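K.L.:
Got a predicted model here, sequence first, then my questions.
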Amino acid sequence: MAESVRRLLGKPGAVDLRPYTKLLESIEAREPELRELTDAELSEKAIELGNAELPYESTDLVELCATGREAARRALGERPFDVQLLGVMALLDGHIAEMATGEGKTLSGALAAAGFALRGKRVHILSVNDYLARRDAEWMRPLYEFMGVTVSWIGEESTREERKTAYGAEIAYASVSELGFDVLRDRMATHEDERVVPEPEIALIDEADSVLVDEARVPLVLAGAAESTEADLEMAEIVRTLKPGAHYEVDEEGRNVQLTDAGIDAVEEKLGDVDLYDENDTSVLPRVNLALHAHVLLQRDVHYVVRDGVVRLINESRGRIALLQRWPDGLQAAVEAKERVDVSETGEVLDSITVQSLVVRYPTRCGMTGTAMAVADQLREFYELEVAVIPPNKPNIRVDEKNRLYATREEKEDALVAEVASVHESGRPILIGTQDVSESELLAKRLAEEGLECVVLNAKNDADEAAIIAEAGTYGAITVSTQMAGRGTDIRLGGSEMGDRDRVVEAGGLYVMGFGRYPSSRLDDQLRGRAGRQGDPGSSIFFVSLDDDLVANHAPETRGYTAEADGEITDPAWRGMVDHAQRVAESQILDIHRNTWRYNQLIDVQRSVVLEQREEVLRNELGDRQLAVDCAATHAELVEEVGAEEVARAARLVTLYYLDRGWTEHNAFLAELREGIHLRFLGRRDPLDEFNRDAVPAFKGFLDEARVRAAEAFSELEVGEDGNIDVTSVGVKRPSMTWTYMVHDHPFSSALENMVGKLKGRARAGG
């Protein structure tokens with residue numbers, strides 16, 4: 001009944017599986033005949049499927065699924081379940097297939113990708129990291145080859161030629177970041193042959209909620225023109241001497257830190273009696289704020305680790321090292337100064353792209369994940385995608401127990417350790433999910449003190465994650481891990497060899513414990529979903545305290561509660577506070593995503609104008625035609641001296657340079673505009689409207705200005721001693737080096753809050 005109402009109202013999750021389900025009987029009926037075919041005949045049968053047109057008709061779906069099932073059985077030794085075929089059909093119809101952990105998403109995705117490829121469509125399968133991209137491409141390769149389609153993968157270490165070859169395959173696996181970086185580099189190409197990414201056609205996204213929602217808040221950046229930067233060691237040492245409460249205060253949500261009056265006096269004295277709020281020198285206060293934020297709000301082994309003398313950020317949604325991720329340059333350098341390590345490269349941003357803008361380039365997009373319904377509204381709002389909930393192959397018998405709520409973290413920890421000790425005696429494998437690296441290590445130490453040895457999986461040893469996860473279901477195993485999202489490895493009862501499976505089943509299966517709830521219910525569900533795979537027994541429980549960050553930051557009314565003697569809180573109203581806090585956190589995350597999308601809508605429109613012009617210059621020699629008009633005399637002289645082809649090359653390089661230069665400068669203007677736009681809120685004006693009001697006129701005349709600048713440079717060109725035109729003589733040159741990274745959004749208060757703090761400080765100084 002509820003599903004019918006959802007379909008009637010057009011709510012997310014309304015994809016009706018009945019049309020797919022009706023085909024299952026016909027698919028199974030084809031199996032005996034297909035089993036009689038030789039391998040060559042079956043491969044030929046698969047290739048014949050490419051003769052029909054997209055979208056698939058019912059008869060085509062039957063043939064594809066039946067042929068794919070038999071091909072998978074022969075090539076991989078795996079016969080897809082009916083529910084996996086439902087997932088295939090949902091993907092081919094352009095939906096997000098929600099399939100629980102262990103239900104075979106990888107194979108469903110491969111069969112759908114093969115179906116698209118057989119119809120002549122180029123498929124990019126996007127994953128959350130390079131490891132999964134390579135693993136899945138190699139794992140599914142025998143199936144693809146059996147069905148007559150080519151497959152490849154792209155990783156961080158792939159060369160340009162390797163990337164070009166890989167993208168030439170009918171199916172290419174890549175992490176979403178690597179694809180984004182390749183798109184950005186292609187946008188800087190000065191010759192058509194330099195580009196590696198073909199026109200987008202089909203995007204099939206693995207761990208779709210993680211990629212499309214969590215990663216959507218992190219812009220991918222191409223930077224260049226490196227400049228030397230020194231760490232602000234002086235400010236780092238000054239803030240290191242400040243005392244909490246006396247010299248600075250942190251707000252209730254732990255997102256903003258501000259100097260007290262005593263702190264301002266202390267910093268001004270240490271700097272030589274400077275005035276932090278001197279309107280004639282505004283350079284000092286930002287240095288203080290950056291150093292203070294880095295020192296107080298960014299915690300080592302929570303937000304980042306230091307590995308081999310380098311600050312590495314931790315991906316908050318997956319608990320792993322984000323190798324290419326960094327904070328905006330000033331904050332990054334402040335953290336590096338705090339840790340007394342060398343400052344990493346910095347420079348100007350040449351271009352950037354959000355994951356959302358990257359994905360919506362594809363006319364057809366679909367994906368799969370274990371937890372899509374929780375973000376169904378966002379998938380519809382931002383990507384026009386609906387969720388098809390695929391039932392499990394076997395009923396889920398996992399027991400999800402109620403949260404155990406305690407007044408303090410210490411009482412929560414005591415209760416969890418006692419539960420681990422009790423359960424461990426039975427031999428049940430235990431998986432404990434923690435919030436961050438520091439918490440995982442402290443909990444592991446506490447368990448060891450109680451004689452409970454465990455294996456730890458966190459950002460410091462994420463290279464070993466597949467091996468650790470594979471053994472987490474071993475009899476008697478205790479595994480402590482940071483966030484389990486996107487790990488890509490199933491936990492099999494009995495371990496990788498499943499030697500003790502019967503004993504583990506008899507003991508009750510995997511026992512999942514959460515050491516605190518996550519900021520998103522999806523992350524909770526992803527942890528829970530590690531137990532109960534394919535109908536296995538298992539259970540889950542979360543231990544929560546009122547001073548957990550989630551509760552303290554998003555339900556501050558819980559402070560000061562006095563619990564029962566044992567510290568556990570059983571009052572349903574107080575238990576409900578945890579769910580309330582999580583909903584508040586999820587709402588804030590959605591606001592960030594929505595704001596990112598809103599601000600980037602206009603930027604994307606302006607960028608598309610530049611890219612369209614750039615394409616005309618690259619493909620159709622627009623620059624040469626324009627400069628032949630704008631600099632007629634110079635153009636004619638150069639053609640006579642070195643020939644039309646050489647002049648066209650120089651004209652292309654000059655025109656592209658000023659298009660790119662102009663966009664880099666405009667991009668910097670937009671970034672600065674957005675950084676300070678929230679101040680308009682003080683005048684009760686909408687920041688987004690104000691952003692658009694300033695950004696639109698700033699772009700007006702962009703192409704004309706680029707053309708004028710190109711003409712000025714072209715008119716000064718001369719022929720070099722080698723007989724070629726030297727464009728570098730007029731300043732036209734590419735960056736000496738470029739590099740890519742992801743900008744971690746500033747994790748603290750809004751620009752408005754910071755500005756209000758400054759205004760208060762100035763008022764105090766003036767009083």
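P.N.:
Here it is on my side, so go on. Residues are numbered from 1 along each chain as shown.
K.L.:
Check whether residue 490 really touches residue 102, as I assumed.
P.N.:
Yes - between residue 490 and residue 102 there is a contact under CB atoms under 8 Å: 5.0 Å. (Glycine included, C-beta is placed from N, CA and C.)
K.L.:
intersection of neighbour lists for these two?
P.N.:
residue 533 (CB atoms under 8 Å, 6 or more residues apart in numbering).
K.L.:
what about those two, which has more around it?
P.N.:
residue 102 (21 against 17; other CB atoms under 10 Å).
K.L.:
Give the helix, strand or coil label for that one.
P.N.:
Following DSSP: H, G, I helix; E, B strand; the rest coil, we place residue 102 in the coil state.
K.L.:
which residue sits closest to it, ignoring its sequence neighbours?
P.N.:
residue 533 (3.3 Å; CB to CB, 6 or more residues apart in numbering).
K.L.:
And the one you found, how far from residue 99?
P.N.:
Here the criterion is CB to CB, to the nearest Å. By it, residue 533 lies 12 Å from residue 99.
K.L.:
Tell me which stretches of the stretch 201-350 of the chain form helices.
P.N.:
Listed in chain order, the helices of the stretch 201-350 of the chain (DSSP state H, counting those that start in this stretch) span 208-209, 233-240, 261-270, 284-296, 329-338.
K.L.:
Need those in CSV (columns: distance to residue 663, mean neighbour count and mean pLDDT).
P.N.:
Shown next, in CSV, are those (distance: least, CB to CB, whole Å; neighbours: other CB atoms under 10 Å; pLDDT from 0 to 100):
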stretch, distance to residue 663, mean neighbour count, mean pLDDT
helix 208-209, 31, 30, 92
helix 233-240, 33, 18, 88
helix 261-270, 39, 17, 88
helix 284-296, 26, 22, 85
helix 329-338, 19, 23, 82
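K.L.:
Now for this structure: which helix has the highest residue count?
P.N.:
Identified as the longest helix of the chain according to DSSP state H is helix 572-620.
K.L.:
isn't residue 710 right up against residue 650?
P.N.:
No - look at residue 710 against residue 650 with CB under 8 Å: they stay out of range, at 10.7 Å.
K.L.:
re earlier: can you name the residues that contact the residue nearest to residue 102?
P.N.:
Counting by CB under 8 Å, 6+ apart, residue 533 makes contact with 100, 101, 102, 490, 491, 492, 493.
K.L.:
Contacts only, for residue 88.
P.N.:
Contacts of residue 88 by CB under 8 Å, 6+ apart are 64, 65, 68, 80, 108, 111, 112, 115.
K.L.:
Where does pLDDT dip in the stretch 201-350 of the chain?
P.N.:
The model of the stretch 201-350 of the chain has pLDDT under 70 over residues 225-231, 252-255, 315-325, 328-329, 345-346.
K.L.:
where do the strands sit along it?
P.N.:
Here the stretch 201-350 of the chain has its strands, by DSSP state E, counting those that start in this stretch, at 202-206, 220-227, 248-250, 257-259, 304-307, 310-315, 320-321, 325-326, 346-353.
K.L.:
would JSON lines of the ones you listed with distance to residue 425 and mean neighbour count be doable?
P.N.:
Output for the strands of the stretch 201-350 of the chain, formatted as JSON lines (distance: least, CB to CB, whole Å; neighbours: other CB atoms under 10 Å):
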{"stretch": "strand 202-206", "distance to residue 425": "39", "mean neighbour count": "25"}
{"stretch": "strand 220-227", "distance to residue 425": "49", "mean neighbour count": "19"}
{"stretch": "strand 248-250", "distance to residue 425": "42", "mean neighbour count": "16"}
{"stretch": "strand 257-259", "distance to residue 425": "46", "mean neighbour count": "22"}
{"stretch": "strand 304-307", "distance to residue 425": "34", "mean neighbour count": "17"}
{"stretch": "strand 310-315", "distance to residue 425": "34", "mean neighbour count": "21"}
{"stretch": "strand 320-321", "distance to residue 425": "32", "mean neighbour count": "24"}
{"stretch": "strand 325-326", "distance to residue 425": "42", "mean neighbour count": "22"}
{"stretch": "strand 346-353", "distance to residue 425": "53", "mean neighbour count": "19"}
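K.L.:
how about these, which one is nearest residue 233?
P.N.:
strand 310-315 (14.6 Å; CB to CB).
K.L.:
Packing partners of the closest one?
P.N.:
strand 304-307, strand 320-321, strand 325-326, helix 329-338 (3 or more CB pairs under 8 Å, 6 or more residues apart in numbering; DSSP states H and E).
K.L.:
mind running it again at 7 Å?
P.N.:
strand 304-307, strand 320-321, strand 325-326 (3 or more CB pairs under 7 Å, 6 or more residues apart in numbering; DSSP states H and E).
K.L.:
how close does the residue lying closest to residue 287 once chain neighbours are set aside get to residue 49?
P.N.:
Leaving aside its sequence neighbours, residue 287 sits nearest to residue 235 (CB to CB, 6+ apart; 4.9 Å). Residue 235 sits 65 Å away from residue 49, going by CB to CB.
K.L.:
quick one on the thing from earlier: for the helix or strand following the longest helix of the chain, C-alpha coordinates in PDB please.
P.N.:
Downstream of helix 572-620, the next assigned helix or strand under DSSP states H and E is helix 622-630. In PDB, the C-alpha atoms belonging to helix 622-630 read as follows (Å, rounded to 0.1, in the frame of the first residue of the first chain):
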ATOM      1  CA  LEU A 622      38.400  30.400 -34.900                       C
ATOM      2  CA  GLY A 623      41.400  32.200 -33.400                       C
ATOM      3  CA  ASP A 624      43.200  32.300 -36.800                       C
ATOM      4  CA  ARG A 625      40.100  33.700 -38.500                       C
ATOM      5  CA  GLN A 626      39.500  36.400 -35.800                       C
ATOM      6  CA  LEU A 627      43.200  37.500 -35.800                       C
ATOM      7  CA  ALA A 628      43.200  37.700 -39.600                       C
ATOM      8  CA  VAL A 629      40.500  40.400 -39.200                       C
ATOM      9  CA  ASP A 630      41.700  42.100 -36.000                       C
END
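K.L.:
and helix 622-630, which residues are buried?
P.N.:
By neighbour count on 16 or more other CB atoms under 10 Å, the buried set for helix 622-630 is 622, 623, 624, 625, 626, 627, 628, 630.
K.L.:
One more: stretch 111-120?
P.N.:
111, 112, 113, 114, 115, 116, 117, 118, 119.
K.L.:
Also stretch 173-193?
P.N.:
Of all the residues in stretch 173-193, those buried under the rule 16+ other CB under 10 Å are 173-185, 187-188, 190.
K.L.:
Among those residues, name the ones in strands.
P.N.:
Counted as lying in strands by DSSP state E, out of the buried residues of stretch 173-193, are 173, 174, 175.
K.L.:
Neighbours of residue 36, how many?
P.N.:
If we define neighbours as other CB under 10 Å, then residue 36 has 8 of them.
K.L.:
typo on my end, it should be residue 718
P.N.:
11.
K.L.:
I'd say it and residue 728 touch.
P.N.:
No - counting by CB atoms under 7 Å, residue 718 stays clear of residue 728, with 11.3 Å between them.
K.L.:
thinking again about what came up before, out of the buried residues of stretch 173-193, flag the one nearest to residue 703.
P.N.:
For these, the nearest to residue 703 is residue 187 (16.1 Å; CB to CB).
K.L.:
Right, I'll call it a day here.
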